[in-house]
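Student: Sequence plus predicted model, see below.
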Amino acid sequence: MSDNNNFLKKLRNIGIMAHIDAGKTTTTERILFHSGRITKIGETHTGESQMDWMDQERERGITITSAATRVKWKEHDINIIDTPGHVDFTIEVERSLRILDGAIAVLDAQVGVEPQTETVWRQADRYNVPRIIFLNKMDKIGANYELATDSLEKRLGINGSLMQIPIGAESDFVGVIDLLTEKAYYYDGKIEEQENIQPIPEALKKTVAKKRFELIEKVVQYDDALLNKYIQGKTIEIIELKQVIRKATITGLFFPVFVGSAFKNKGIKLLLDAIIDYLPSPLELPDLYVENSEGKKIKLPPSKNGQFAALIFKIAVDPYIGKLSFFRIYSGELSTGSYVYNSTRGIKERIGRLLRMHANHREEIKIARTGDIVASVGLKTSYTGDTITDLSSPVILEKMTFPEPVISLSLEPKTKSDQEKMSKSLSRLADEDPTFRTWMNHETNQTIIAGMGELHLDVLVERLKREFNVHVKVGQPKVSYRETITETVETEGKYIRQSGGRGQYGHVFIRFEPLPNENFQFVNKITGGKIPREYIPPIKTSLSDNLGRGVLAGYPMVNVKATLLDGSYHDVDSSEFAFKVAAAMALREVRNKTNILIMEPIMKVEVIIPIDYYGDVIGHLTSKRGKIIETIRKRNTENIKVFVPLDEMFGYSTSLRSLTQGRGSYTMQFDHYEKTPESVREKIISESNFELRSF
């Protein structure tokens, strides 16, 4: 085997993903310690975690930005990305999973699958990422490994396969039993996690035999030779079972489940073994196809001798060294000082420095190889989702898609100095985060920022202050509504101006109709030269721009198909400008010919409360136009799932604390857009103070 293949065979690129507070960062911290990457464990709750390096992460006790590191375990290299668990920062999970080969889904053993678990699981499905599952917090009151495992099927639709069972639970959790080897591992809870291997306790022998039988029966289904051996009653070796489990896990058919407690130092070393045993190396992934310069799909094998190709998955602004571009190398090698071609944007860039990252710590390297996840200084005009490749034979890797923001705020600089710095600082933040938008509202002369939630924008405003020394006054949160139509209308736009000398003349007839599942589509049906070809693109551009401003309340108009049917022009007076205005006038007429709907973002909210407060909380949610999806009772808590308009959710955390004496919690994420009731529509229109542009 070549040195390159041997390196790749012993390489793992994995992510650690979970719902907030499932113990994801604590699990990562223990992995770093046991692999020798760090010599002192830092706890999340004390603000000393290595991977939560931002001040705000340490203060809030949550992960905000994905952090990369690299560890060694049993002669294997493991690149790890620790991702956020809060839905407002879901883009960090999305772009990390896009470039990873495997993942660990961490679950709280008391509650099992939670709302954000479902979100990150779907993201991993989208990129066909093989996963293993870690039932964490087996020491927690209410921990139940069977209920947590059952939630995998109920909430995710997958049949998780227990590889271990715990010895005890809650305060009596002392170790785990490996079902394949039938060994019992006892731990004393000290950070070194020295296991004491003992015989299986008598009280658990029947359970182990039953669970092991179920595991083997499931595993043999994935390999014909093993199945025949099993049917014939022949002995099946543990190594054979592991090989089939690995194969089935990599193909996404099998999801091994492990148990433990990261905080109490029980089961992490076995989890590290599982990463090596069951998650894939870059050599075991499905064939990767890329698009060449001719637009054809070609196979790109992982080889250091192949052409260089990498995907930029993250941009970060470092206050000391500037813009950092994180990328995954799929083929070839890259050295410091070399030139690359950004095939997404058609530009040449130079690699200044290559860095291997450990959270916010940097280690300079001279060369990066196939399979590596590294960062670079020097890429000035490359952004998240871009492909960088060889100059001689450029290719493009599959692009990334990002969700649209659902909430916005207005910003006003406090001083003239802040005014001068704010625009540049916001631009740098937008470079980092594809779900963050910023623009100037020229009608109100306000700077607007938009993002995925209140916490998302709160963090960004705080970063403006801390990292860029920009102090701002923040306006009230605003919902990003959408406008749309439900019926087909035809309108005319005619722009004629004559004020001496050359005039202006543009004339169009346009049909507007609803377009499900697509924001805007333009169709040109002009024949016979009624409108010269050079004026068609300006008409399309004008419609696109003005749809973004809306025609009713100033919100973007979506799901619209515009068909240019007819028109006329003047040999002397027609111009691009005139036809742009004519198209805008035709769009404005839609308001007079049909009812414009306003669509509002609907959030999927999950509220967890003690049973005693059920009536009050349900009543409060109903008053907020909430539509109850389902309620699930778990022991002494009630789990309420409900659709609620985003506009009704501002300040809900305060209300919920008041209703439940601080004992309730909730999560929410954007689900879909929905038509507003007429009373709400009229209120939005009246408060928008929107005026159509005059021509």
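Tutor: Cool, got the structure. Numbering: from 1, shown residues only.
Student: and the closest residue to Gly322 other than its chain neighbours, what is it in contact with?
Tutor: Ranked by C-beta to C-beta, 6 or more residues apart in numbering and with sequence neighbours excluded, the top spatial neighbour of Gly322 is Val377, at 6.5 Å. Just so you know, the C-beta spots here come from the backbone N, C-alpha and C atoms, and that holds for glycine as well. Counting by C-beta atoms under 8 Å, 6 or more residues apart in numbering, Val377 touches 321-325, 352-353, 355.
Student: Pull out the buried members of these.
Tutor: Buried by 16 or more other C-beta atoms under 10 Å: 323-325, 353, 355, out of those.
Student: Any figure for the gap between Ser303 and Glu291?
Tutor: Taking C-beta to C-beta, to the nearest Å as the measure, Ser303 falls 19 Å from Glu291.
Student: so where's the stretch 101-250 of the chain uncertain?
Tutor: Along the stretch 101-250 of the chain, no part satisfies pLDDT under 70.
Student: who's in contact with Leu8?
Tutor: Counted by C-beta under 8 Å, 6+ apart, Leu8 has contacts 281-283, 302, 370-371.
Student: Give the buried subset of these as a PyMOL selection command.
Tutor: The PyMOL selection below is limited to those of these classed as buried (16+ other C-beta under 10 Å):
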select buried, resi 281+282+283+302+370+371
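Student: and the contacts of Leu8, which two are the farthest apart?
Tutor: Ser281 and Thr370 (11.1 Å; C-beta to C-beta).
Student: Give the helix, strand or coil label for Ser325.
Tutor: strand (DSSP: H, G, I helix; E, B strand; the rest coil).
Student: quick revisit: tabulate the contacts of Leu8 in CSV, adding columns for distance to Leu100.
Tutor: Below are those laid out as CSV (distance: C-beta to C-beta, whole Å):
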residue, distance to Leu100
Ser281, 12
Pro282, 11
Leu283, 15
Pro302, 14
Thr370, 15
Gly371, 11
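Student: quick check, nearest of the contacts of Leu8 to Val605?
Tutor: Pro282 (39.6 Å).
Student: Quick check, that closest one in contact with Gly371.
Tutor: Yes: with contact defined as C-beta atoms under 8 Å, Pro282 and Gly371 form a contacting pair (4.3 Å).
Student: Give the residues shared as contacts by the two.
Tutor: 8, 11, 13, 302.
Student: quick check: longest strand of the chain.
Tutor: Using DSSP state E, we find that the single longest strand of the chain is strand 597-610.
Student: buried sites along that one?
Tutor: By neighbour count on 16+ other C-beta under 10 Å, the buried set for strand 597-610 is 597-609.
Student: just stretch 669-687 next, same as before
Tutor: 669-670, 673, 676, 680-681, 684.
Student: Determine which two of those are furthest apart.
Tutor: Once C-beta to C-beta is applied, the buried residues of stretch 669-687 give Gln669 and Arg681 as the farthest pair, at 24.5 Å.
Student: And the next helix or strand past the lowest-mean-pLDDT helix or strand in the chain?
Tutor: The weakest-scoring helix or strand in the chain, judged by mean pLDDT, DSSP states H and E, is helix 55-60 (a mean of 52). Of the helices and strands lying after helix 55-60 in sequence (DSSP states H and E), the nearest is strand 67-73.
Student: Would you list the strands that that next one pairs with, along with their directions?
Tutor: strand 76-82 (antiparallel) (DSSP bridges).
Student: average pLDDT for the strand it pairs with?
Tutor: Average pLDDT, strand 76-82: 91.
Student: Export it to PDB, keeping only CA atoms.
Tutor: C-alpha atoms of strand 76-82 as PDB (Å, rounded to 0.1, in the frame of the first residue of the first chain):
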ATOM      1  CA  HIS A  76      -5.000   7.200  13.500                       C
ATOM      2  CA  ASP A  77      -5.400  10.900  12.800                       C
ATOM      3  CA  ILE A  78      -8.800  12.300  13.600                       C
ATOM      4  CA  ASN A  79     -10.000  15.700  12.400                       C
ATOM      5  CA  ILE A  80     -12.800  16.800  14.600                       C
ATOM      6  CA  ILE A  81     -15.300  19.700  14.200                       C
ATOM      7  CA  ASP A  82     -17.400  20.500  17.300                       C
END
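Student: which stretches of the chain aren't confidently modelled?
Tutor: 1-4, 42-65, 85-88, 319, 359-360, 442-445, 499-501, 635, 692-695.
Student: and Gly23, what does it touch?
Tutor: Contacts of Gly23 (C-beta under 8 Å, 6+ apart): 106, 108, 136-137, 262-263.
Student: Revised request: answer the last question for Leu271.
Tutor: With C-beta under 8 Å, 6+ apart, Leu271 has these contacts: 27, 31, 104, 132, 134, 258, 260.
Student: Tell me the gap between the host helix or strand of it and the middle of its chain.
Tutor: When elements are assigned from DSSP H and E, Leu271 belongs to helix 268-278. Relative to the chain's own centre, helix 268-278 is displaced by 25 Å; criterion: C-alpha atoms, centre = their mean, to the nearest Å.
Student: and what of stretch 463-479?
Tutor: With C-alpha atoms, centre = their mean as the basis, stretch 463-479 stands 23 Å off its chain's centre.
Student: how long is that stretch end to end?
Tutor: In stretch 463-479, first residue to last residue: 22 Å (C-alpha to C-alpha, to the nearest Å).
Student: Okay, buried residues for it please.
Tutor: Buried residues in stretch 463-479 (16+ other C-beta under 10 Å): 463-464, 467-468, 470, 472, 475, 477-479.
Student: same question, stretch 612-621
Tutor: In stretch 612-621, counting by 16+ other C-beta under 10 Å, buried: 613-614, 617-618, 620-621.
Student: Would you mind putting the CA coordinates of it into CSV?
Tutor: Output of stretch 612-621 as CSV, limited to C-alpha atoms (Å, rounded to 0.1, in the frame of the first residue of the first chain):
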residue,chain,number,x,y,z
ASP,A,612,-48.6,21.5,36.8
TYR,A,613,-48.3,24.4,34.3
TYR,A,614,-49.8,22.7,31.3
GLY,A,615,-53.1,24.6,31.2
ASP,A,616,-51.5,28.1,31.6
VAL,A,617,-48.9,27.4,28.9
ILE,A,618,-51.3,25.9,26.4
GLY,A,619,-53.7,28.9,26.9
HIS,A,620,-50.8,31.4,26.4
LEU,A,621,-49.6,29.6,23.2
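Student: which outside residues touch it?
Tutor: So stretch 612-621 is contacted by 605, 607, 609, 628, 631, 638, 640, 642, 644, 655-656, 659-660, 663-664 (C-beta under 8 Å, 6+ apart).
Student: Which of those fall within strands?
Tutor: Within the contacts of stretch 612-621, residues falling in strands by DSSP E are 605, 607, 609, 628, 631, 638, 640, 642, 644.
Student: Identify the residues contacting the last one.
Tutor: Going back to what we said before, that points to Val644. Residues counted as contacts of Val644 (C-beta under 8 Å, 6+ apart) are 602-603, 605, 621, 624-627, 668.
Student: again with the second one
Tutor: Applying C-beta under 8 Å, 6+ apart to Val607 gives the contacts 617, 621, 639-640, 642, 656, 664-666.
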